[in-house]
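Colleague: heads up, no residue letters with this:
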């Protein structure tokens, strides 16, 4: 019970943060989420640990997550992640000996599904901002069919979830979370051999993901297609429209990027958030993977800004009264919200980023 209360509080805090961090969050297919029973959400993975945050805060099912084991190396972080229903999954790159730990994790997953709860998995196996659905690993099928074999009366619905960002690693974020049609797995499992069942389920999930998110075939034309789409200033979060453009090869002509009229507001926000800004600047230098920029920028700036805004508001209230302190706090939040909602999210290819994730 305590863990559920803790999870709910953190869930609400993160959801509020994502609202301030995002220009627009579009959720499609929410009616496809089963209201009860065992569900495995199979999600594509373009943008690091911020991906599960968007998925779990846009549905009312309390999710358990499988994330790469490297995230659990620090003992303190490990305890925090476990308290939020995150579990490690080990890969070959973590060491052959570590793979044996997955059996214990799989057993936990079987029990979670048997209790009619939900599990979130990223079957591509790793994050990559490339706008293609990559080949799926069979790990998620092992969990599904392992649970069905262990619990003969269990039915598990697999719900593919497509995530498409206007630009991964850019601020403000603009994203579409697209829930696909549930796939019943008991019939697949009972009517086919194990090998065939795995291939059928992987194909069904992959086929939906290619429609639920923007999918540019990963061939010799990938870069040219992506460049043409970015030059045309397409809104990638309009998933169906963009996929139709790709399939019909009717990419619009190049357009000029919109002028960012609220850029001066960003400088005011930085001035008002000077300590969080320099904290993020120090951390940014240590981030090697572009897919983790959004994760760390959101986490560091959301936690540090809310703390320092409240602290600065409290100090002002001591000198000038509660009204001034509350006004400062409200104004600080309003400036961030105004910038997030009004700043343009122009189509552009990312190369290098400044301290707030802006291309330079």
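Modeller: That came in fine, so what should we check first? Because the structure is a prediction, the values reported are computed rather than measured.
Colleague: only C-alpha atoms from now on, for both contacts and neighbour counts.
Modeller: Noted.
Colleague: what's the one helix or strand residue 5 maps to in contact with?
Modeller: Here residue 5 sits within helix 2-21, counting by DSSP states H and E. For helix 2-21, contacts defined as Cα atoms under 8 Å, 6 or more residues apart in numbering pick out 25, 53-54, 57, 83-84, 171-173, 298, 302, 336-337, 340.
Colleague: C-terminal to that helix, what's the next element?
Modeller: That would be, after helix 2-21 and using DSSP H and E, strand 22-28.
Colleague: which neighbouring elements make contact with the helix or strand just after that next one?
Modeller: Where DSSP H and E defines the elements, the next helix or strand beyond strand 22-28 is strand 38-43. Secondary-structure packing of strand 38-43 (3 or more Cα pairs under 8 Å, 6 or more residues apart in numbering; DSSP states H and E): helix 102-114, strand 118-121, strand 156-165.
Colleague: now do 7 Å
Modeller: Judged by 3 or more Cα pairs under 7 Å, 6 or more residues apart in numbering; DSSP states H and E, the packing partners of strand 38-43 are strand 118-121, strand 156-165.
Colleague: got TSV for those strands, with mean pLDDT, mean neighbour count and distance to residue 290 too?
Modeller: Compiled in TSV, the helices and strands packed on strand 38-43 are given as follows (pLDDT from 0 to 100; neighbours: other Cα atoms under 10 Å; distance: least, Cα to Cα, whole Å):
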stretch	mean pLDDT	mean neighbour count	distance to residue 290
strand 118-121	94	24	21
strand 156-165	97	26	14
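Colleague: quick one: which of these is nearest residue 256?
Modeller: strand 156-165 (20.1 Å; Cα to Cα).
Colleague: and the next element down the chain from that closest one?
Modeller: Using DSSP H and E, the helix or strand that follows strand 156-165 in sequence is strand 173-179.
Colleague: name the residues that touch that following strand?
Modeller: Contact with strand 173-179 is made by 21-30, 32, 55, 159-166, 212, 237, as judged by Cα atoms under 7 Å, 6 or more residues apart in numbering.
Colleague: A helix includes residue 64, no?
Modeller: No: counting by DSSP: H, G, I helix; E, B strand; the rest coil, residue 64 is located in no helix; its state is strand.
Colleague: same question for stretch 176-193: list its buried residues.
Modeller: 176, 177, 178, 179, 180, 181, 182, 183, 185, 186, 188, 189 (16 or more other Cα atoms under 10 Å).
Colleague: and stretch 248-263, by the same measure?
Modeller: Buried, per 16+ other Cα under 10 Å, within stretch 248-263: residue 251.
Colleague: now it: mean pLDDT?
Modeller: Regarding stretch 248-263, the rounded mean pLDDT is 91.
Colleague: now do the SS call for residue 256.
Modeller: Under three-state DSSP, residue 256 comes out as coil.
Colleague: tell me how far residue 35 lies from residue 58.
Modeller: 14 Å (Cα to Cα, to the nearest Å).
Colleague: the two: who's more crowded?
Modeller: Neighbours were counted for residue 35 and for residue 58 using other Cα atoms under 10 Å; residue 58 has more, 16 against 11.
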